[in-house]
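Q: following is a predicted model, sequence given first.
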Amino acid sequence: MAAADNANAAPVRKRRAEARRSERTPSGGWRTIAAKELADHLTSTRFFVLLIVVGLLAVLPMIFASADMNAQANSASGASSPFLLLFTYGSPSFGGYPMVTFVYLLVPLVGVAFGFDGINSERSSGTLSRLLAQPIHRDDVVNGKFVAGIAVIALLLAMLILVVTGIGILRLGIVPDVEQAARVIIWFLATVLYASVWLAFALLISTVVRSTATSALAGFGVWIGFTLFGSFLLPIIGQFLFPVDTSGTLSTAVASSIPQQLFLHLSPATLYQDIVKVVLNPQAGATDVFITSANQVVAGQQQIPGLLSLDQSLLIVWPQIVALTALTVLLFAISYVLFLRQEVRA
């Protein structure tokens, strides 16, 4: 009898387990939203306009730089990393601005452009309530939009770097070695991380501010403030808040300058500039970058003789990479929590 009861109960338990599984919210909803958002981004006018603007302002400096390098073939061929000069050399014919300068200025614009209306556009159009009525988790919405934004930014930057690399090889005939290619890849990943900070910030504004126009003004205003005015405003504020003691010894002056340097490195633009200086310029002199050991921090004065190997460059900029990652996680976490706590009405 007991065996028969167990045999009869087994199908019942199986049906109950299948019913519970069918009632669960399907996992992977963020992938569906990310795929839909990515398709919308890639077919939008915004993507093509940004691609043209960023492409022109990045390719033109490289063309002028390659022309100068062709005219000075002997000195260019004697450089330690001639291929990296395509990204870091600024031609006098183009105002002396290298490609990395325009990337530094325009990448935040790209991050803000793909995130400032991520949530409030759905709310204002009335589609957010219908989206949350689907069998997906609520956090899948913000996760999917953030992943789609990173994916489209990474695709845009990858296309840009491949075009610059191809044109540079054709015009100069210089093929990068393994280390130079690795440095370009690391710079690409750091640039995507830098853009992710601004994407997370734009998504935060989109979550807090209900008007897309207001969030756009706030996002682009902060971008202009940090990238255009922050380079000379932040040092002035830092000197006022954390003055350097120059009356004592050199070690005292260096120690008193640490709070000021830490304040300046609160800006993601400063962190990204430090990474670019070291990763794309292995030649002597990782200046304006913190060199940390077990018992001291030296800022801005020490020159490193010789060439930096790839692992040495990564060791120097690792604090900057960690700081950019922490900023991205912090901004995204705030927008994530705020979105989950907001009330959504039909």
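A: Everything's here; your move.
Q: helices of the stretch 51-200 of the chain, start to end?
A: 73-77, 85-88, 99-113, 120-125, 127-132, 139-172, 178-208 (DSSP state H, counting those that start in this stretch).
Q: wait, which of those is closest to residue 259?
A: Closest of these to residue 259 is helix 178-208, at 22.6 Å (criterion: C-beta to C-beta). For every residue, glycine as well, the C-beta is placed using N, CA and C.
Q: the helix or strand following that closest one vs helix 99-113, what angle?
A: Sequence-wise, the next helix or strand downstream of helix 178-208 (DSSP states H and E) is helix 212-224. Relative orientation of helix 212-224 versus helix 99-113 (axes from the mean of the first three to the mean of the last three C-alpha atoms, to 10 degrees): 160 degrees.
Q: packing partners of helix 212-224?
A: Taking 3 or more C-beta pairs under 8 Å, 6 or more residues apart in numbering; DSSP states H and E as contact, the helices and strands that helix 212-224 lies on are helix 99-113, helix 120-125, helix 178-208.
Q: quick one: average confidence on that helix?
A: Mean pLDDT, helix 212-224: 88.
Q: that one versus helix 178-208: what angle between them?
A: 140 degrees.
Q: so which bits of helix 212-224 are buried?
A: The neighbour-count check on helix 212-224 (16 or more other C-beta atoms under 10 Å) flags 212, 215-216, 218-220, 222-223 as buried.
Q: closest one to residue 337 out of those, please.
A: Nearest member of the buried residues of helix 212-224 to residue 337, counting by C-beta to C-beta, is residue 215, at 18.0 Å.
Q: and the strands in the stretch 201-346 of the chain?
A: Taking DSSP state E, counting those that start in this stretch as the criterion, the stretch 201-346 of the chain carries its strands at 291-292, 297-298.
Q: residue 129: how many residues sit nearby?
A: Neighbours of residue 129 under the rule other C-beta atoms under 10 Å: 12.
Q: typed the wrong thing, it's residue 100
A: By the criterion of other C-beta under 10 Å, residue 100 has 23 neighbours.
Q: same check on residue 175?
A: Each residue near residue 175 was counted by other C-beta under 10 Å, and the total is 11.
Q: give me the distance between it and residue 65.
A: As for residue 175, its distance to residue 65 is 17 Å (criterion: C-beta to C-beta, to the nearest Å).
Q: same check on residue 216?
A: Taking C-beta to C-beta, one finds residue 216 at 34 Å from residue 65.
Q: same thing with residue 95?
A: 12 Å.
Q: residue 342 contacts residue 207, doesn't it?
A: Yes: with contact defined as C-beta atoms under 8 Å, residue 342 reaches residue 207; the gap is 7.3 Å.
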